[in-house]
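K.L.:
no sequence on this one, just coordinates:
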């Protein structure tokens, strides 16, 4: 056929455009404390791409002069340009709603709401799309404590760790004592900041939060108390970490109790 047209393979090849081979470049990801990419830095130390996000992962501003395709978002998420959704391994996340649009594949083991993302996306992440990180840790700790018990072999360490094995920061006792004696009111927080957090803690935690199994308690009330316990635990955690170096053992245990009560409520919803 080529001979009939008076063409040779070499002539055809010369008329074809060369195959485009994109230039390969190396970039270093610069991420925030949650693992959300903030910038791509080249080998010369300059940012070839950068972006700002809100708490739920929505892109507020993007600087992309080199048209780099950067689809990574919150941990475990990849941006789908066609839908605007984030693929989160086991399901899809909608940043505009701040929730999943696909039900949790593990059902109610991930919580009463099968579509929820962490209630505090600034502090918690859900890289697999299966469970809120803090509650998973607490529920796992409850199970391990039930299976293995609190034996005498760990009693010597109890003054250094809480009931879930978290180490107590020695600095927290110092900050707590200085706050109580008035030497350093508020610890690492200002007195006004601590007063605000304490008022929130009292508002959330000084309520009846224990759950009872249905039909003694309606499922809607169980869910309300589940969320209330998570909020109570979250504000206690903020006080401990922000003001008192992680909190002394007593306050760490109060935080644990709130998470445990939330886990107990979660178990009644399954």
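P.N.:
Everything's here; your move. All values derive from a computational prediction rather than experimental measurement.

K.L.:
okay, CA-based contacts and neighbour counts for the rest of this
P.N.:
OK.

K.L.:
element containing residue 199?
P.N.:
helix 191-205 (DSSP states H and E).

K.L.:
so what secondary structure elements neighbour the next helix-or-strand element following that helix?
P.N.:
Downstream of helix 191-205, the next assigned helix or strand under DSSP H and E is helix 219-243. Where contact means 3 or more CA pairs under 8 Å, 6 or more residues apart in numbering; DSSP states H and E, helix 219-243 is packed against helix 191-205, helix 249-268.

K.L.:
quickly, which of the ones you listed bottoms out on average pLDDT?
P.N.:
The weakest mean pLDDT among these belongs to helix 249-268, with a mean of 89.

K.L.:
what angle sits between it and helix 219-243?
P.N.:
160 degrees (axes from the mean of the first three to the mean of the last three CA atoms, to 10 degrees).

K.L.:
just want the angle from helix 249-268 to helix 191-205.
P.N.:
Using the same axes, to 10 degrees: helix 249-268 against helix 191-205 is 30 degrees.

K.L.:
helices and strands around helix 249-268, which ones?
P.N.:
helix 133-148, helix 219-243.

K.L.:
check those helices for me: which has the lowest mean pLDDT.
P.N.:
helix 133-148 - the lowest mean pLDDT of those, at a mean of 44.

K.L.:
returning to what we had before: what's the closest of the helices and strands packed on helix 219-243 to residue 18?
P.N.:
Of all the helices and strands packed on helix 219-243, helix 249-268 sits nearest to residue 18, with 61.0 Å by CA to CA.

K.L.:
how many residues are close by residue 176?
P.N.:
23 (other CA atoms under 10 Å).

K.L.:
surely it is in contact with residue 248?
P.N.:
Yes - between residue 176 and residue 248 there is a contact under CA atoms under 8 Å: 7.3 Å.

K.L.:
name the residues that touch the helix holding residue 199?
P.N.:
Helix 191-205 is touched from outside by 185-186, 228-229, 231-232, 235-236, 239, 243, with contacts defined as CA atoms under 8 Å, 6 or more residues apart in numbering.

K.L.:
now the residue lying closest to residue 59 once chain neighbours are set aside. Its backbone dihedrals?
P.N.:
Leaving aside its sequence neighbours, residue 59 sits nearest to residue 53 (CA to CA, 6 or more residues apart in numbering; 4.5 Å). Main-chain torsions, residue 53, degrees, to the nearest 10: phi -130, psi 160.

K.L.:
pull up the gap between residue 220 and residue 233, please.
P.N.:
20 Å (CA to CA, to the nearest Å).

K.L.:
and what of residue 173?
P.N.:
Residue 173 is 20 Å from residue 233, by CA to CA.

K.L.:
over to residue 216?
P.N.:
25 Å.

K.L.:
more crowded one of the two?
P.N.:
Remark: of residue 216 and residue 233, residue 233 carries more neighbours, 26 against 8, as counted by other CA under 10 Å.

K.L.:
so where is the stretch 1-150 of the chain shaky, pLDDT-wise?
P.N.:
In the predicted model of the stretch 1-150 of the chain, residues 1-6, 106-112, 119-150 satisfy pLDDT under 70.

K.L.:
which residues of it fall in helices?
P.N.:
2-5, 9-15, 133-148 (DSSP state H, counting those that start in this stretch).

K.L.:
which outside residues touch the helix or strand following the longest one?
P.N.:
Past helix 133-148, heading to the C-terminal end, the next element that is a helix or strand (DSSP H and E) is helix 170-181. Helix 170-181 is touched from outside by 184-188, 244-248, with contacts defined as CA under 8 Å, 6+ apart.

K.L.:
buried ones among those residues?
P.N.:
Buried residues within those, counting neighbours by 16 or more other CA atoms under 10 Å: 184-188, 244-248.
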